[in-house]
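Asks: sharing a model that was predicted from the sequence below.
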Amino acid sequence: MKFNLIKKNIFIVLLVNLVLLFFSFAAPSYCQTQGGVTITPPIPSQDFKDLLERVINFIFLISIPITAIMITLAGFYFVTAVGEVDKIQKAKKILLWTAIGFTIILCAKGLVEFLQSQLRVRGG
């Protein structure tokens, strides 16, 4: 019971840190001008395509450490299972869904890069 509470607290802390990291990129910076306050965009982009590309790259870069953390968590479940079938099954499910999720992200990123190269669309 206490172990589950610790896991839940660690998960909440990691989730809060991820949300704070995301909003740190979205925080506007204020600067005084002659007539008032202007807000500069948090993600400098020229058009929607550039903004979308930056968001996709951000998601891709965030998925790499999340994948490593999930693989480590699955390994922890395997090591601490000590013959408990439930923990072994949970570890297998974590590995399976981590692999599926990261494969989808890799395929999506690769598909975008492939289409841009084939259509000769200039990337940002």
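Replies: Thanks, I have the structure now. Keep in mind the model is a prediction, meaning the values are calculated, not measured.
Asks: ok, now how distant is the closest residue to A91 other than its chain neighbours from I6?
Replies: Counting by C-beta to C-beta, 6 or more residues apart in numbering, A91 lies nearest to Y77, which is 3.6 Å off, once chain neighbours are set aside. Glycine gets a C-beta too; all of them are placed from N, C-alpha and C. Relative to I6, Y77 is positioned 14 Å away (C-beta to C-beta, to the nearest Å).
Asks: ditto for Q89
Replies: Q89 is 21 Å from I6, by C-beta to C-beta.
Asks: for the most centrally placed residue in the chain, give me its contacts.
Replies: For the chain, the residue nearest the mean C-alpha position is I62 (3.3 Å; C-alpha atoms, centre = their mean). I62 is in contact with L18, counting by C-beta atoms under 8 Å, 6 or more residues apart in numbering.
Asks: what helix or strand is it on?
Replies: Per DSSP states H and E, I62 falls inside helix 48-80.
Asks: could you check the pLDDT of the residue nearest to the centre of the chain?
Replies: Per-residue pLDDT puts I62 at 92.
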